[in-house]
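Undergrad: The sequence and its predicted three-dimensional model are supplied below.
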Amino acid sequence: MDSYSERKRHWLQDARDTGLLAARKNLVAGICLWIFGVGIVLAYYYWPVAQAWLQRVADWKDNWGITFSIVSTAIFGGLIPSIITALGNRFSLPRNLYLGATNVLLWSLKGIELDFLYRGQAWLFGEANDVFTIACKTLVDQVLYVPLIGITNVVLFVLWRDLNFSWSRFRQALGPNWYAERILPVVISNWFLWIPAVVVIYSLPTALQLPIQNLVLVFWNLILFFFTTRRTHK
């Protein structure tokens with residue numbers, strides 16, 4: 001029992017250290033993300049031109065419902081990041097097309113998931129933008145949704161895809177400590193960098209939360225690509 005507890009503590013320490021290292025490496029990119037998110041909120045509340053444009057996006061979301069969520073998330077979460085990634089790798093064209101197609105599939109499904117998340121939180125906590133409501137939604141998002149679903153299914157899908165969708169190789173690759181080794185470091189890094197961005201998203205009207213989440217996601221991929229490319233060149 002003591003040996004198991006010691007191994008468990010070691011796994012958790014490794015996950016923490018790996019997650020914090022990833023967060024520190026991307027700290028500057030994260031600060032850019034926070035500034036971008038705050039800029040969107042300020043533009044919505046204090047710049048009439050931006051407010052009119054964003055309200056149009058909110059109207060599209062209201063009119064098209066979950067279809068808007070599927071299509072927009074597939075484009076902003078899957079297609080555009082795949083194009084950005086393809087610019088920085090040396091894979092063949094068929095390989096990049098394969099990765100792009102699977103990313104679009106994954107993020108179209110994530111669009112359904114995120115649509116239920118934002119609408120469910122609006123039903124549960126209301127649509128006010130006071131501190132208490134934003135804090136409740138942020139806690140549910142980052143403490144429940146992200147560790148249990150949001151990060152987990154993305155990491156597992158990518159692993160399964162990299163193993164050519166082989167269930168036997170997938171189960172073997174996971175191992176007994178798969179959550180601590182594969183998921184938890186990503187969750188910790190996500191908390192450090194994305195909690196401020198999530199606060200920004202929940203300060204906007206419900207109809208804008210998913211569209212702005214997608215816009216922030218694309219911006220994150222762009223700045224991450226920029227900083228990764230700089231590090232590679234150095």
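TA: Perfect, I can see it now. Residues are numbered from 1 along each chain as shown.
Undergrad: ranges for the helices of this protein?
TA: 2-25, 27-46, 48-64, 66-73, 80-88, 93-125, 131-139, 152-162, 167-174, 178, 184-202, 206-233 (DSSP state H).
Undergrad: So, low pLDDT: which residues of the chain?
TA: Along the chain, segments meeting pLDDT under 70 span 1-12, 14-23, 26, 223-234.
Undergrad: Please repeat the previous calculation with a cut-off of 50.
TA: 1, 228-234 (pLDDT under 50).
Undergrad: if we can go back for a sec, need the helices of the chain in CSV with mean neighbour count and distance to V146, can you?
TA: C-beta: built from backbone N, CA, C; applies to glycine. Shown next, in CSV, are those (neighbours: other CB atoms under 10 Å; distance: least, CB to CB, whole Å):
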stretch, mean neighbour count, distance to V146
helix 2-25, 13, 12
helix 27-46, 16, 16
helix 48-64, 14, 22
helix 66-73, 19, 16
helix 80-88, 16, 18
helix 93-125, 17, 10
helix 131-139, 16, 10
helix 152-162, 16, 8
helix 167-174, 12, 20
helix 178, 16, 17
helix 184-202, 21, 6
helix 206-233, 18, 12
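Undergrad: Y145 is nearest to which of those?
TA: Closest to Y145 of the helices of the chain, according to CB to CB: helix 93-125, at 5.9 Å.
Undergrad: before we move on, back to that, redo the helices of the chain as a markdown table? Include distance to Y145.
TA: Formatted as a markdown table, those follow (distance: least, CB to CB, whole Å):
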| stretch | distance to Y145 |
| --- | --- |
| helix 2-25 | 17 |
| helix 27-46 | 18 |
| helix 48-64 | 20 |
| helix 66-73 | 15 |
| helix 80-88 | 20 |
| helix 93-125 | 6 |
| helix 131-139 | 10 |
| helix 152-162 | 10 |
| helix 167-174 | 22 |
| helix 178 | 19 |
| helix 184-202 | 10 |
| helix 206-233 | 12 |
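Undergrad: how about V200, what does it touch?
TA: W34, G37, V38, I40, V41, I212, V216 (CB atoms under 8 Å, 6 or more residues apart in numbering).
Undergrad: rerun at 6 Å
TA: Residues counted as contacts of V200 (CB atoms under 6 Å, 6 or more residues apart in numbering) are G37, V41.
Undergrad: what's the spacing between it and V38?
TA: Taking CB to CB, to the nearest Å as the measure, V200 falls 6 Å from V38.
Undergrad: Also G88?
TA: In terms of CB to CB, G88 sits 27 Å off from V38.
Undergrad: cool, and N89?
TA: In terms of CB to CB, N89 sits 32 Å off from V38.
Undergrad: Report whether the expected contact of I80 with L217 is present.
TA: No - here I80 does not reach L217: they are 8.9 Å apart, not a contact under CB atoms under 6 Å.
Undergrad: do you know how far the nearest residue to E127 once chain neighbours are set aside is from Q13?
TA: Nearest non-adjacent residue to E127, counting by CB to CB, 6 or more residues apart in numbering: T206, 5.2 Å away. For T206, the distance to Q13 equals 39 Å [CB to CB].
Undergrad: same thing with G37?
TA: For G37, the distance to Q13 - CB to CB - is 31 Å.
Undergrad: P48 now?
TA: Counting by CB to CB, the gap from P48 to Q13 is 51 Å.
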